[in-house]
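> dropping the sequence and predicted coords here.
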Amino acid sequence: MMLAWTIYISFLGALALLLLPKGSATLARSLALLTTIVTFAITLTAFVQHRTGALLTVTQKSWIPSLGIEYHLAADGISLILLLLTGIIAIAGILFSWNIERRVQEFFAFYLLLIGAVYGVFLSYDLFLLFVFYEIVIIPKYFLIAIWGSTRREYGAMKLALYSFIGSAMVLVGLLAAYIVAGAKSMALEDLARFPFPLHFQMWAFPLVFVGFAILAGMWPFHTWAPTGHVAAPTAASMLLAGVVMKLGAYGCLRVAMTLFPLGLGPWGFHVLGLGSWRDVFALLAVIGIVYGALVALVQKDFKFVIGYSSISHMGFILLGLMTLNQLGLAGAVVQMFSHGVLAGLLFAVVGRMVYDRAHTRDLATLGPMNLNKAIPFAAVTFVVAGMASMGLPGFSGFVAELMILIGAWRAFPLFAVCVGIGIVAGVAYIWRAMQQAFFAEAGVEPTSMQPPLPPISIPERLGAILLIGASVAVGLYPQMLLNVILPALHSPLFDGLRKGSWQ
Amino acid sequence: MIPISWYLVLSAALFSIGVGAFLIKRNIISIFMSIELMLNAVNLAFVAFAHHWHQVSGQIFVFFVMVVAAAEAAVGLAIIIAVFRSRETLNVDQINLMKL
Amino acid sequence: MTAVSPALRILPEILLTLTGVLVMVTEPLLSAKTSRKPLGIFALLGTLAAIAASAWQLHLPAGTAFFNTIQTDAFSVFFHLLIGGILLVTLLVSLNYFEGHSTYVGEFYALLLFSAVGMMLMTSAIELLMVFLGLEISSISTYILAGYRKRSAVSAEASIKYFLLGSFATAFFLYGVALCFGATGSTNIHSIATGVASGSSPLLLALALGMMLIGLGFKVSAAPFHVWTPDVYEGAPAPVVGFMSTAPKAAAFAVLLRITYTGFGTMSHIWIPLLWIMAVASMTIGNLGALTQRNVKRMLAYSSIAHAGYLLVAFTAFSADGLAAACFYTAAYAAMNVGAFAIISYLSGYDERRVHLQDYAGLAKRHPLASAAMAIFLLSLIGIPFTAGFFGKFYVFTTAMHSGLWILVTIGLLNSGLAAFYYLRFLSQLYMQPYDAAQDISEAPAQPAFVLGIAILVAAVLVLGIIPNRVLRLAQAGAATYFPCSGTNAAEVHTQPNLLR
């Protein structure tokens, strides 16, 4: 099966970039772009070919037999969608970092290493392997931010790395415990998912693993790495962070925490502050994340912080969707993973690449007088489109995803669904405010002669923006495309535990 | 006949004095001597126990301890000389190029 | 008992001793100006022969020799190979270290060889007298090695501190042995096990065990007996630190395994809590101490305390798997730590010109290969996948979890998350800071021997991380032939046959 080659090609590309002769920046960029296009083509082919969304084993080999660890790659509908997302974001990220001049080869080498590891996580069906790839992601992420970043980059990079390590430590405790309790024979996802873990064990293992992954998904109150990390990161890295790395967390929550420990979602048998289960707790945290992220985004002065906090708000939707535990909500969460990946990537691209690299400031008050909608109209148009998609206007992917999650949430937690409404309204407001202040503040005033004219939007940027907008619109107009593969995946035996539990 | 516990108490006392001197003394030679004192406490305990168990192996152990202590002393004194050459002092409080 | 000549049971030790004596005897016959490299190469050949002899011992039936003082089994062979490997690599990377700085370097090689002999004896000893002799042979040699930069005050200081605290620890260990002898009437580990199992004089035995733990705790630099470590590692020559931070620790851990698992196996309710506390203290103190260090050697010293803590976690598990995990982790730790110190010794040279973190700013530009190797060792120390450190930690924590030590595992994993901070800081110095050309120091080009040594270490780190099966099987074989001796956890051994194939 070709899918395994997404990992190998990315790693080989990274290696090739390091071995290239010095000073061939264009060659390095082209090579990186070629690598990501090839991997994208592979994922797209797989996506088109496997419309059924059933589990598809890619490769399965014994790795460390004495511990029952296998090299097992496979993909179901959910994995396929996220693989596709990774492919799209990877191409767009390279297009938007075409202007990197410093240590180009190393930049793209780290970039491809990150992409390869992300592919690895989405393809792993052995939990040891999944954890291996999950940990590998941390290192290139750290370097991308710490070397090529901007505002307080070392702080942001270190904070991100430490949060990731702590999160993965929690995940590992839970995984090891599950492995031991299940008899220490196998780390395979199916085997562990089938194993009936005792209730009291699931009650502590579930929150541990869930929170461990949710740290990376930006769940409130463990989200603080996200805004600083996003702001510090170079454009391509923030696109990857928001676009795929945060999805790793959400994917882990669904694929590992909820699949292995479905009973952990069940009722405690008592109520604390009206909350009766971990499910209620995490749903509440998700709603707080949605509202909090949106409200904080509303008062930010730094353009990139606005997008950073908006990510937390949108990731809250995913976690809420997971917690609804009904088919609509879960499917919505997966669609939202795709949608937010594309849209956050696009928003960061506009802010980081199109605006910041030209205006050299992200302060909303300073950007206003620059009259950006005249100076770089393409950026303004892109931001308006991306903003509308992000608000959840019909016709874009965000609308489909958030609607599904809202309906799902309405069935599961009517009160929370109402609160989410506040978040949506605030979401409209902060996008509107950012759009107005950054692009249309002094509409009509001619640029003063003091300012040198800003360089025009380049071809790679246009291509990248069109790619991302296209993906969002395609899903928005024809969501069936994703749902066709998600729904069979949700009905696979892997989710039996969840279905038997409190599936509605 | 003197009971074995007397020897053991003496041995424990010697060992404790050795430990105390090791921690209190500031001159390297004195510190070194306190280690020798501890080793001798060990020897005493071994001999007492060997007598108690009617086993010769305890006494053999003592010979080995003595031999090794001699070897250790030879190396230790050489190191002490090296330190004195470079610092011209044997006070441990002044041998503090690296923070402890 | 099969008729295996006793000499064959200590063949590696004999070979190393002969090589060492020959080097020592030849040394004064050479004129002061002659290069000592041939002696080093001769020592290398002797080491290779010893390693081959150890590997050959694997085919011997397990058994004892010399009046029950020596026991060769898969366990001892594992540690023999490990110590031999560390010695080999240390010789390779230090072959040119003293060139032009120090005369009579033959002594250095001889001392390394003798020290390794002592450690090898420790790992196969089942008689505390033999343990003591091995311990002293290795310690006395290492005291001298620590002060080998004779004209440096720092080196002499490191040597004296190591010597005083090391002898102090030995005295504690000996007192423990004496008490143990008093309680059981024997110093043979198997007889002690019988004595302990009979349950007489538990107080004396507990005291004896505590004393021996203190003594060995010093040797493995486990907290709270770690105070000497940073100073000694800072002052001693870097290649020696690489050697003495791994090989004596491996040997002391082997002794600790024999004493606790076999000798005091039935008193595990006493030593498990003690080791638990030592493990937590070592991990926490080591990692917190390393956070504030600006001197790279001190930083790695604290990190080695933390790694001793991870190893103690495996001990505390007290199962066949725990033993295998401890063996595996010792090997993984040896590969990455010797490597890290070897690179430091190369970059900072004989006179230690680069000791502070900022001295390493941007060195990746000037020394891309050395920095890349360093990066691999540091990533392995953090525990990033596909390196020895990751799999070692994974295995250690799995076995600890298996024994129900989930609090310990949680503390350990949080610690290893925290530890990433200072390793990453070192990495970011190498790769991110601008290179200061004013600080340019012209290093001698790397010699082939050094490159070979580093290549072996990098390969070891990667192989142990990606395809650990062979070493794992050897470690598990060591655990399996050895562990049932204690007899207590035999039931557990049988419940997991799949782990012991």
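Cool, got the structure.

> please count neighbours and contacts with C-alpha atoms only from this point.
Fine.

> what about chain B, any weak spots by pLDDT?
Where chain B drops to pLDDT under 70, the residues are B:98-100.

> can you list the residues of it near chain C?
Applying C-alpha under 8 Å from any C-alpha of the partner chain, we find that chain B lies next to chain C at B:31-32, B:35, B:38-39, B:41-42, B:45-46, B:49-50, B:53, B:55, B:57-58, B:61, B:64, B:68, B:72, B:75-76, B:79-80, B:82-83, B:86-87, B:95-100.

> inside helices: which ones of the residues you listed?
Residues of the residues of chain B next to chain C located in helices (DSSP state H): B:31-32, B:35, B:38-39, B:41-42, B:45-46, B:49-50, B:53, B:57-58, B:61, B:64, B:68, B:72, B:75-76, B:79-80, B:82-83, B:86-87.

> ends of stretch C:96-107, what's the gap?
14 Å (C-alpha to C-alpha, to the nearest Å).

> next, the buried residues of it.
C:96-98, C:104-107 (16 or more other C-alpha atoms under 10 Å in any protein chain shown).

> which residues touch it?
C:23-24, C:27-28, C:32-33, C:35-37, C:39-40, C:149, C:345-346, C:349-350, C:447, C:450 (C-alpha atoms under 8 Å, 6 or more residues apart in numbering or on different chains).

> residues near A:M239, how many?
A:M239 has 28 neighbouring residues, counting by other C-alpha atoms under 10 Å in any protein chain shown.

> from what I see, it and A:I91 are in contact.
No. At 10.8 Å, A:M239 does not count as touching A:I91 under the criterion of C-alpha atoms under 8 Å.

> by mean pLDDT, flag the weakest helix or strand of chain C.
Least confident helix or strand of chain C, by mean pLDDT, DSSP states H and E, is helix C:490-495 with a mean of 36.

> can you read off the pLDDT for the residue of the stretch 201-350 of chain C found nearest chain B?
At 6.1 Å from chain B, C:D231 is the closest residue in the stretch 201-350 of chain C, using C-alpha to the nearest C-alpha. Per-residue pLDDT puts C:D231 at 90.

> and it, its phi and psi?
The phi/psi pair for C:D231 (degrees, to the nearest 10) reads phi -60, psi -50.

> wait, it sits on C:K297?
No. Taking contacts as C-alpha under 8 Å, C:D231 lies outside contact range of C:K297: 9.2 Å.

> list the contacts for C:S345?
Contacts for C:S345 (C-alpha under 8 Å, 6+ apart) come out as C:97, C:237-239, C:352.

> in the residues you listed, which residue is surrounded by the most others?
Result: C:P239 is most packed of the contacts of C:S345 (other C-alpha under 10 Å), 29 neighbours.

> wait, is that one part of a helix?
Yes. According to DSSP: H, G, I helix; E, B strand; the rest coil, C:P239 belongs to a helix.

> distance of the nearest residue to it once chain neighbours are set aside relative to C:A238?
In space, and not counting its chain neighbours, C:P239 is closest to C:A342: 5.6 Å by C-alpha to C-alpha, 6 or more residues apart in numbering or on different chains. Distance of C:A342 to C:A238, computed by C-alpha to C-alpha: 7 Å.
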